[in-house]
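Asker: Return atomic coordinates for the entry below.
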Amino acid sequence: MTMMKSDCKSTQSTQTIKRHSDDRKSKNSNVSKFPGPSDSANSATVAPPEEWIQWNGSYYIALTSLTILSFVTRLYKVDQPPWVCWDEVHFGKMASWYINRTFFFDVHPPLGKMSISLVGYLTGYNGTFAWDKPGDFFFEHRYVGMRVYCAILGALLVPLIFDTVYQLSHSVRAATISSGCMLFDTGMITLTRYILLDSPLLFFIMATSWSCVRSWKYETGEEKGIRWWLWSILCGVLLSCAMSVKFVGLFVVLWVGLITVFRLCLLWANDQTSLSHFLIQFSHRAVCLILVPSLCYIAFFAVHLAILSKSGPGDGFYSSAFQSVLEGNPLNNASMPGEVAYGAMVALKNTKGNGAYLHSHVHAYPNQVASDTTGLLRQQVTCYSHKDDNNIWQIRKVDDVGVIAVTNDIQVVKNGDLVKLTHVVTGRNLHVENISAPITRHHYQVSGFGYNSSDSNEVWVVEIENGHPNQELHTMTSHFRLLHNATGCALQSVKKQLPKWAFEQLEVTCDPRPKKATFANQLFHIEWVYFPLLPNITFSSHAPSFFRRFIESHKVMLEGNSQLKAKETEMAVSRPWQWPINLRGQFFSGAEHRVYLLGNPIIWWTNIAVWIAYGLLEVNVRPSRDGFTVSRNNNGSNTQASDHRMLAMEYMAGGLIPKFRSRK
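Answerer: Numbering: from 1, shown residues only. Model (predicted):
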């Protein structure tokens, strides 16, 4: 009996020790760490702990409840107010242009605007509303469909966040808290109820994160190979969608790229990984996350350029060759003289700089004294991106002292000729003297001055790019510089906007020390010419290919983005440092139906505090809590990677979601 009791106690003690050991193993296995391919051999076969499985019923209840609440809060009175709110004036107008197939310029890629216009077209909007200014009533125009579309995309953010967090933590509690922050944030409700690009952008960014996380658990096992490819391809498509709405989508591309590189590094560092397996993993990611997004991105632009086939307000931002394929543009199937003759009226366009037209108008430069001899003020000369009668000049032949030469026969402008450019509308001549430019102070000011005068400061030398002596100046195809004969400075169009007194047009200067780095800003070409004494030819042969238009579209968009600056009224509303702390908001609508964009301060400020606290805990507290130590060899170097550095990489790579574990 004594022996039996002793054996029984021994057995119970052994079972107790084993149970405690299993509990410790389970506890250690539950510690969140960055899921990597090096763990694939174990993670693919180990079932989640029992405490996760019992939450499955709660998962569907919570997900359904939150999704319903999300749709209710976003769609409630989505038709109010029945007038244009804030930036709807821009994106609603662009929807009209898509429906009417009218070409326009915008600094953002096309997918978001195309999707809004498609929904508008399908829901009965005919593209005839003017979208002139905020506050304009819609009346009988069908705008609600476009608002509903944006609201639906905003509502889908909640279930996407819920499932993403659940996949990372296997905790319904964590998923509910995270998606609840999105659900009850008043700023997000407001932002996603109107015809703006924010809803498509946020949706595709969140959908990309969701599909990326979903693809991780299908990386190993032959029976899961198809699902791995499908989820990864979906991630690649959504990546291209996010980037095709706004260039801000590049941040999620960077996030996915960093995670992908990190996981490949973990896979390569695993001694059990064969070269063939690594190449399969690498090729899979190259196809799904590089090739697929690239093809989709190009396809979106192909659709964009195919739809916008008619000339519109954005033509002037693009090259002459680009404009020649737009229906209704003066350059489309244009016929004009192939050579530029003296006496011709021409429009000069900057070729490789900002792509704007040489322009002048009756307004004078401020703070100047009238000329002692003529009493004239110097007229502003700028570069202007839109087509205008003030872009037209007459090219005239002169001698070296500025006297206009009388020609009885037709003479073509040649490389090295001395010319004078006279503004057709005002009669002023293109003029330079030793006066500092308004913004670029080390350059000379360019102005319109004099009439039929013989002023040497109005004489210019035509220098054709890579031209030989006496080479003729051709329409559209010849790129040339205008060098001031008296000072040797080069006329150039810089990328600086003048103040309001010049209508924020681009500054034109004369560079006294032209450098190779600024050579592109000094190149012009003749886009349009009128001279009835020469025969006309067609320029259809200069129509660019799709890829030339694709590349040029990006150059113009990037140039436009670089010139964006906040308006004075916008700076008065808020400053960038105020945005993360939710200090000030933005009026969407005034009058009797006021709409004010401001985030929920409880959610915003708590989120910032938790974000900081979580980072500190992950990096500093959890490594010591888990009892991890770093061993060193004889020469003092680490033989094992530091766990807290791994956690820091996880934190910086995007693992910012608090891990609220479910407890029994």
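
Asker: How about residues contacting stretch 286-305?
Answerer: With contact meaning CB atoms under 8 Å, 6 or more residues apart in numbering, stretch 286-305 is reached by 109-111, 114, 229, 232-233, 235-237, 239-241, 243-244, 253, 256-257, 260, 546, 549-550, 553. Every C-beta, even on glycine, is put in place using the N, C-alpha and C of the backbone.

Asker: In helices, which of the residues you listed fall?
Answerer: In helices, judged by DSSP state H, the following of the contacts of stretch 286-305 are found: 111, 114, 229, 232-233, 235-237, 239-241, 243-244, 253, 256-257, 260, 546, 549-550, 553.

Asker: Please check these and keep the buried ones.
Answerer: 111, 114, 232-233, 235-237, 239-241, 243-244, 253, 256, 260, 549-550, 553 (16 or more other CB atoms under 10 Å).

Asker: Is Val508 in contact with Val446, as I believe?
Answerer: Yes: under the criterion of CB atoms under 8 Å, Val508 makes contact with Val446 at 4.9 Å.

Asker: what is in contact with the two at once?
Answerer: 381, 491.

Asker: Which helix or strand in the protein has the lowest average pLDDT?
Answerer: Among the helical and strand segments of the chain, the one scoring lowest on mean pLDDT, DSSP states H and E is helix 40-43, with a mean of 40.

Asker: remind me which residues of the stretch 501-650 of the chain are low pLDDT?
Answerer: The stretch 501-650 of the chain contains residues with pLDDT under 70 at 565-574, 621-650.

Asker: In the chain, where is pLDDT below threshold?
Answerer: 1-56, 220-224, 353-354, 369-375, 400-407, 565-574, 621-664.

Asker: Pick out the residue nearest the middle of it.
Answerer: Phe247 (2.1 Å; CA atoms, centre = their mean).

Asker: Now do the residue lying closest to Val398 once chain neighbours are set aside: how many residues are near it, please.
Answerer: Excluding the flanking residues, the one nearest Val398 by CB to CB, 6 or more residues apart in numbering is Lys420, at 4.7 Å. A total of 26 residues lie near Lys420 under the criterion other CB atoms under 10 Å.

Asker: ditto for Leu558
Answerer: By other CB under 10 Å, the residues close to Leu558 number 12.

Asker: Assign it to one of the three secondary structure states.
Answerer: Judged by DSSP: H, G, I helix; E, B strand; the rest coil, the three-state class of Leu558 is helix.

Asker: in the stretch 251-400 of the chain, which spans are strands?
Answerer: Assigned by DSSP state E, counting those that start in this stretch, the strands in the stretch 251-400 of the chain fall at 335-337, 345-350, 357-364, 379-384, 392-397.

Asker: closest to Trp579 out of those?
Answerer: Evaluated over the strands of the stretch 251-400 of the chain, closeness to Trp579 peaks at strand 379-384, with 33.3 Å, by CB to CB.

Asker: Provide the backbone phi and psi angles at Gln578.
Answerer: Here is the backbone geometry of Gln578 (degrees, to the nearest 10): phi -80, psi -20.

Asker: Now render the strands of the stretch 251-400 of the chain as TSV, adding mean neighbour count and distance to Trp131.
Answerer: Formatted as TSV, the strands of the stretch 251-400 of the chain follow (neighbours: other CB atoms under 10 Å; distance: least, CB to CB, whole Å):
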stretch	mean neighbour count	distance to Trp131
strand 335-337	18	35
strand 345-350	23	29
strand 357-364	20	26
strand 379-384	24	23
strand 392-397	20	31
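
Asker: Ok, which of the ones you listed comes nearest Gly416?
Answerer: strand 392-397 (12.4 Å).

Asker: Against which helices or strands is the closest one packed?
Answerer: strand 345-350, strand 418-423 (3 or more CB pairs under 8 Å, 6 or more residues apart in numbering; DSSP states H and E).

Asker: Gln323 is nearest to which of the ones you listed?
Answerer: Evaluated over the helices and strands packed on strand 392-397, closeness to Gln323 peaks at strand 345-350, with 9.7 Å, by CB to CB.

Asker: Run through the helices of the stretch 251-400 of the chain in chain order.
Answerer: Ranges of helices in the stretch 251-400 of the chain, per DSSP state H, counting those that start in this stretch, are 275-286, 292-307, 320-323.

Asker: Out of those helices, which one sits most buried?
Answerer: The highest average neighbour count among the helices of the stretch 251-400 of the chain, using mean count of other CB atoms under 10 Å, belongs to helix 320-323 at a mean of 22.

Asker: Summarise which helices and strands it is packed against.
Answerer: Partner elements for helix 320-323 (3+ CB pairs under 8 Å, 6+ apart): helix 546-562.

Asker: Just the buried residues of the helix it packs on, please?
Answerer: Residues of helix 546-562 classed as buried: 549-550, 552-553, 556-557, 560 (neighbour count, 16+ other CB under 10 Å).
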